[in-house]
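Asker: coordinates for the following, if possible.
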Amino acid sequence: MRAVVFEEYGDRSVLHVQDRPAPVPGPGQALVLVEASGVNFMDVYQRTGTYQVALPAVLGSEGAGTVLSFAGDVEGFAPGDRVAWTTIPGSHAEQALVPADRLVPVPEGVSTEQAAAAILQGLTAHYLTHDSFAVRPGDAVLVHAAAGGMGQLLTRLVTHLGGRVVATASTPEKRAVAEANGAVAAVPYGDALDAVREFTDGRGVDAVYDGVGKDTFDTSLAALRPRGSLVLFGASSGKVPPFDPLRLMAGSYSLTRPTLAHFIAARHELLERSETLFGWIADGVLDIPITGRYPLDAVADAYAALEGRESTGKLLLIP
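Answerer: Numbers count the residues shown, from 1 in each chain. Below you'll find the predicted structure:
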C-alpha cells in the first residue's frame, strides 16, 4: 500500500509517498481501507517537530473508511462497516491500522467524507464549547480565524448554543463566510478589539477561542471581560512566548490550553461526543464544507493551502 512518509522533521519537502508492506492487525487492532483523511495543523506540528514522533512516520491523524479485517480479540465490528477515527497516527495512507476501541461507527445520513472532515475538528469544537468554556445563551464570544474549518464549526456551534460571535478573518471573502455561519460581526484581525468593545458596550467578551496563537494572544487577553476565559487551542501562527501569569490578574482571567486526547480518553466519552457530532451533521446543525480534495501525490499542495491560510473549510486527502 502507498503512504505519506517523513523521515526527518522539516518543511513540506520532507514528505514522500512510498510503497510500504500492507499492515496486519495485531491484538486489539482493525485494518481499515482509508477512503478520506483530514489535513490538519496537528500534522504540521508533527512534521516540523513541534510535536515529537518516532521517525520515520506516516503522516495523518484522522480519517474514515471501511473495515477490512481485525484481530481475533476485536468485537463489535464486521468487514465493510463504515468507521472514523482521530488522533491516530498513520492516516495518510491507503490502509491504516487503528485500535478498535478508537473507532467510531459512521451512521446513515453522514457520508464517509463528511466523517473524515468532521471527526477531529468536530470533536474538538464539541469539547471547546461544552467543557473548556461552556457556552450559554447570550454569551459573547470572539472566534479567531473564523473562516477556517475549525473556525466555521465553532461559529456555528456557539450560535446554535445561543451565543453571539464576533469573528476575525483576513479577507472580505473570508469574513463573508464567517457571517454566513452566524457571526454577528466579522472584522480584520487588527480591528478585533474595537469590534468587541462596540459589540459589548466596552465590557469585553465572555470567552475567546484562539487557534492562531502568537499573533493573536495579546488581543485575545485584551478582549476579555473581567473573569473571562481564553481558550487557546492551537498555534497556527507559532507558539505563544512565555509570559508572566500576573497578566491574568488584570481581569482575573482564566487561561486553558486543552487538547482533544484528554476529552476522548474514555471510550464512552468518545462515543457520546461522536454520536452528538454526527447527529448535528445529519440534522443540518453543522455543515462540513469540504473545499479541497487531493490525491496522496499532491500532499504537499494540500498542506501548502492549509499553512498558507488559502482555504476556507476542510481539506481532504483521498487515497
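Asker: who touches Leu306 in this structure?
Answerer: By CB atoms under 8 Å, 6 or more residues apart in numbering, the residues touching Leu306 are Val39, Asn40, Phe41, Val44, Leu315. Yep, even glycine has a C-beta here, placed from its N, CA and C like the rest.
Asker: how does it look with 7 Å?
Answerer: Residues counted as contacts of Leu306 (CB atoms under 7 Å, 6 or more residues apart in numbering) are Val39, Phe41, Leu315.
Asker: does the last one lie in a helix or a strand, and which?
Answerer: When you say that, I think you mean Leu315. strand 314-317 (DSSP states H and E).
Asker: remind me what that strand packs against, helices and strands.
Answerer: Counting by 3 or more CB pairs under 7 Å, 6 or more residues apart in numbering; DSSP states H and E, the packing neighbours recorded for strand 314-317 are strand 29-38, helix 112-127, strand 290-294, helix 299-307.
Asker: in the chain, which spans are helices?
Answerer: For the chain, the helices defined by DSSP state H cover 41-48, 112-127, 149-160, 172-180, 192-199, 217-222, 267-283, 299-307.
Asker: make a markdown table out of those helices and add mean pLDDT.
Answerer: Listed next are those as a markdown table, based on pLDDT from 0 to 100:
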| stretch | mean pLDDT |
| --- | --- |
| helix 41-48 | 92 |
| helix 112-127 | 96 |
| helix 149-160 | 94 |
| helix 172-180 | 95 |
| helix 192-199 | 97 |
| helix 217-222 | 98 |
| helix 267-283 | 96 |
| helix 299-307 | 94 |
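Asker: compare the ones you listed and report which one is nearest to Val141.
Answerer: Nearest to Val141 among those is helix 149-160 (5.1 Å), distances taken as CB to CB.
Asker: state the distance from Ser69 to Leu128.
Answerer: If you measure Ser69 against Leu128 using CB to CB, to the nearest Å, the figure is 35 Å.
Asker: with neighbour numbers in mind, choose between those two.
Answerer: Leu128 (26 against 16; other CB atoms under 10 Å).
Asker: hmm, that one is touching Leu230, no?
Answerer: No - using CB atoms under 7 Å, Leu128 makes no contact with Leu230, being 11.9 Å away.
Asker: between these two, what contacts are shared?
Answerer: Shared contacts of Leu128 and Leu230 (CB under 7 Å, 6+ apart): none.
Asker: for Gln29, see how far away the residue lying farthest from the centre of the chain is.
Answerer: Relative to the mean C-alpha coordinate of the chain, counting by CA atoms, centre = their mean, the farthest residue is Gly72 (32.7 Å). Taking CB to CB as the measure, Gly72 and Gln29 are separated by 11 Å.
Asker: now swap in Ala186 and tell me
Answerer: 44 Å.
Asker: who's in contact with Gly122?
Answerer: Leu153, Leu277, Leu286.
Asker: what's the closest of those residues to Pro242?
Answerer: Leu153 (30.0 Å).
Asker: my read: that closest one touches Gln121, true?
Answerer: Yes - with contacts counted by CB under 7 Å, Leu153 reaches Gln121, the gap being 5.6 Å.
Asker: quick revisit: partner strands of the strand holding Leu315, parallel or antiparallel?
Answerer: Applying DSSP bridges, strand 314-317 is found paired with strand 29-38 (antiparallel), strand 290-294 (parallel).
Asker: adding distance to Ala195, write those out as CSV.
Answerer: Listed next are these as CSV, based on distance: least, CB to CB, whole Å:
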stretch, distance to Ala195
strand 29-38, 31
strand 290-294, 26
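Asker: of all these, which one comes closest to Pro319?
Answerer: strand 29-38 (5.1 Å).
Asker: thanks a lot, catch you later.
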